[in-house]
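>>> For reference, the sequence and a predicted model appear below.
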Amino acid sequence: MARIGFVGLGNMGLPMALNLAKAGHAVAAFDATEAARARAKDAGLRLAASAGATADEADAVITMLPDGKIARGVWLDGGLLAALPAKALAIDCSTIDVATARVLADAAEAARRMMLDAPVSGGVMGAGAGTLTFMVGGANEAFARAEPILKAMGRTIAHAGGPGAGQAAKICNNMVLGISMIAVCEAFALAEKLGLSHQALFDIASKSSGQCWSLTTYCPVPGPVPTSPANRDYAPGFAAAMMLKDLKLAQAAVAEAGAETPLGAHAAALYEKFVEAGGGATDFSGIIRMLRL
């Protein structure tokens, strides 16, 4: 089993770190906030005195942080990369912009360290259940070493390519998700106006050309999929504010790459409107409430 440092113990990071400990890894954890540290301690995790201290004799250090600015601050300005033992892996599971992921990878290479960007899909439920999907960017050797560690937290571990490819895969995937959820929500809103029941639309569309994950796994209306957040008054598995963050990251990548994604841009605008109206802490499927108006 490996010695693993883990920095960032929020809604995703804490259950991920706990799953590593349950798998038998020796975990030293840290978070910048006192409340998060207290929750981690109550859950049985061993706490380190600082982010840098999680790297002491570590085989790998994992970060799960809110954004690229914070990730850069922890790894570079905060000295976590410099504190990493020579043979230890650096794994950033945060969802950040591709450019920052590549800056971190370049800094790691300059320091003769191996770094992976490994954002996840699956939300809080997947983090707790250990069924996350990891989209990993970095060198083949680093991926091979990281895969057994990531398997303690996820079900699907996919190597997307070189540095930044994990982040690229994540934002492209979530752009598809954001667009498809809006389409499914609009279809149910229209069905309601036409007098078609939720169950009837689900039964037909789920077996027809409208079938997609947003419909069959995360149905945005109560009833057809009992495990979807719609049955819990849209308590978040994946908050709308986080979807907006990912859609904005996608649009930043669009601008940088000189691409065009008109549906992605429209999805970002709709989620921004939903978040500004107070829906940020609601599950992203809750946007159906706005689309019904």
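Yes, it's here. Numbers count the residues shown, from 1 in each chain.

>>> Show me where this structure has its helices.
13-22, 34-42, 68-72, 80-83, 98-110, 123-129, 140-150, 165-193, 198-205, 213-216, 240-257, 262-274, 288-291 (DSSP state H).

>>> Reformat these as a markdown table; add distance to residue 48.
The way it works is simple: take the backbone N, C-alpha and C, and place the C-beta from them, glycine included. A markdown table is the format used below for the helices of the chain (distance: least, Cβ to Cβ, whole Å):
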| stretch | distance to residue 48 |
| --- | --- |
| helix 13-22 | 11 |
| helix 34-42 | 10 |
| helix 68-72 | 18 |
| helix 80-83 | 11 |
| helix 98-110 | 20 |
| helix 123-129 | 21 |
| helix 140-150 | 18 |
| helix 165-193 | 25 |
| helix 198-205 | 47 |
| helix 213-216 | 37 |
| helix 240-257 | 26 |
| helix 262-274 | 36 |
| helix 288-291 | 42 |
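
>>> Out of those helices, which gets the lowest mean score?
Here the lowest mean pLDDT among these goes to helix 123-129, at a mean of 91.

>>> about what we covered before: go through the helices of the chain and pick out the most buried.
Mean neighbour count (mean count of other Cβ atoms under 10 Å) peaks for helix 13-22 among those, with a mean of 22.

>>> Now do it against helix 140-150, angle only.
Put simply, helix 13-22 runs at 90 degrees to helix 140-150, going by axes from the mean of the first three to the mean of the last three Cα atoms, to 10 degrees.

>>> helices and strands around helix 13-22, which ones?
strand 3-7, strand 26-30, helix 34-42, strand 60-63, helix 123-129 (3 or more Cβ pairs under 8 Å, 6 or more residues apart in numbering; DSSP states H and E).

>>> okay, the angle between that helix and helix 34-42?
Using the same axes, to 10 degrees: helix 13-22 against helix 34-42 is 20 degrees.

>>> So what touches helix 13-22?
Contact with helix 13-22 is made by 4, 6-7, 9, 27, 29, 31, 36, 39-40, 43-45, 62, 64, 93, 124, 127-128, 130, 132, 149, 152-153, as judged by Cβ atoms under 8 Å, 6 or more residues apart in numbering.

>>> Can you tell me which of these are buried?
Buried subset of the contacts of helix 13-22 (neighbour count, 16 or more other Cβ atoms under 10 Å): 4, 6-7, 9, 27, 29, 31, 36, 40, 45, 62, 64, 93, 124, 127-128, 130, 132, 149, 152-153.

>>> returning to what we had before: export the helices and strands packed on helix 13-22 as TSV, with columns for distance to residue 171.
Converted to TSV, these look like this (distance: least, Cβ to Cβ, whole Å):
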stretch	distance to residue 171
strand 3-7	22
strand 26-30	27
helix 34-42	26
strand 60-63	18
helix 123-129	16
